[in-house]
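Engineer: here is my input; please provide its structure:
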Amino acid sequence: MANSEHIESLQTDIREWNMRRKFERFAPDLRDADLRNVDFSGADLSYADLSNADLRGATFKRANFKEAILSGAILEEADFTNTDFTNADLSNARVKGADLRTARLINVNMSRTEPWKAHLFEAS
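Structural biologist: Numbers count the residues shown, from 1 in each chain. The predicted structure is shown next:
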């Protein structure tokens, strides 16, 4: 279950969230969170656990998902353009219609994911 303080803090102010992440070392617990249709562009979600989270229709442009766990997450119709997923776990994620154009997908675990259902133009 997601940490409600992490969800509230993230939803309140992205700049403040990113400053907190810079000075406090913690792994955000966003498991099973309902984050549909929110705008977290530029958010630092590195090392976050978003297992089974619902991110449908959300916007994460230029976000940082390095080392994040998105196993079983619903990413359908979400916008991840210019997002960094280096070493992230997207296994068993639902990506239909997700916009991953120009996303950095280096060493990403996409087992049991159907990446051909996502927009991957110019992803690296």
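Engineer: quick one: residues contacting the residue positioned nearest the centre of the chain.
Structural biologist: Against the mean C-alpha coordinate of the chain, by Cα atoms, centre = their mean, the closest residue is residue 65 at 5.5 Å. For residue 65, the residues meeting the contact criterion (Cβ atoms under 8 Å, 6 or more residues apart in numbering) are 45-46, 48, 80, 83-85, 88. Where C-beta positions appear, they are placed from N, C-alpha and C, glycine not excepted.
Engineer: number of residues surrounding residue 48?
Structural biologist: Applying other Cβ atoms under 10 Å, we find 28 residues neighbouring residue 48.
Engineer: so for it, what's the pLDDT?
Structural biologist: Looking at residue 48, its pLDDT reads 98.
Engineer: give me the distance between the closest residue to residue 32 other than its chain neighbours and residue 31.
Structural biologist: Excluding its sequence neighbours, the residue lying closest to residue 32 (Cβ to Cβ, 6 or more residues apart in numbering) is residue 52, at 5.0 Å. Distance, residue 52 to residue 31, using Cβ to Cβ, to the nearest Å: 6 Å.
Engineer: the most far-flung residue of the chain relative to its centre and residue 5, how far apart?
Structural biologist: Computed with Cα atoms, centre = their mean, the residue of the chain farthest from its C-alpha average is residue 23, at 20.7 Å. To residue 5, residue 23 is 16 Å away according to Cβ to Cβ.
Engineer: check residue 25 too.
Structural biologist: Taking Cβ to Cβ as the measure, residue 25 falls 16 Å from residue 5.
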